[in-house]
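Engineer: Here is a sequence with its predicted model. Questions after.
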Amino acid sequence: MGRTLHNISFNITGSYLYSNIGTIALSSLETPNTTSTVATPQSPRYKYTALSSDNIWITFNSKNLLWLPQEYRPSSSAVLGNTLGIGVGSGKVWLCTVDFHKP
């Protein structure tokens, strides 16, 4: 993945994993073969709004959506649903909400 995960948690149904990088739909991950004793690491497909592993894109459903100039790239971040909270090196914090349902 390229980034350290902090504050991971499951939603109440166990179908999503929330993290500081984004939300992972667990149903999108392949189930390892039950005869295998070691699972191969997989790149998660983030559901909804997330950050790319290199911190230069805001993504939506794992597709690059918004390129971040250097001064807007996170030194820390939090994601809740479609809203990103991004802390930058200068100490400033900015929010970005992706909403495709509004006109």
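Structural biologist: Perfect, I can see it now. Residues are numbered from 1 along each chain as shown.
Engineer: The nearest residue to Phe100 once chain neighbours are set aside pairs with what?
Structural biologist: Distances taken as CB to CB, 6 or more residues apart in numbering put Phe60 closest to Phe100, at 7.8 Å, once the chain neighbours are dropped. From N, CA and C alone the C-beta is placed, and that goes for glycine too. For Phe60, the beta-bridge partners are Thr49, Lys63 (DSSP bridges).
Engineer: buried residues in stretch 89-97?
Structural biologist: Neighbour-count burial for stretch 89-97 flags Cys96 (criterion: 16 or more other CB atoms under 10 Å).
Engineer: distance of the residue nearest to Phe100 from Leu66?
Structural biologist: 9 Å (CB to CB, to the nearest Å).
Engineer: Could you do Gly87 as well?
Structural biologist: On the measure of CB to CB, Gly87 and Leu66 end up 17 Å apart.
Engineer: Ser15 too?
Structural biologist: For Ser15, the distance to Leu66 - CB to CB - is 26 Å.
Engineer: can you give me the strands for the protein?
Structural biologist: 9-10, 16-18, 23-25, 46-47, 49-51, 57-60, 63-67, 76-80, 83-87, 93-97 (DSSP state E).
Engineer: can you list those strands in CSV and add mean pLDDT?
Structural biologist: Output for those, formatted as CSV (pLDDT from 0 to 100):
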stretch, mean pLDDT
strand 9-10, 70
strand 16-18, 73
strand 23-25, 75
strand 46-47, 64
strand 49-51, 88
strand 57-60, 92
strand 63-67, 94
strand 76-80, 82
strand 83-87, 84
strand 93-97, 85
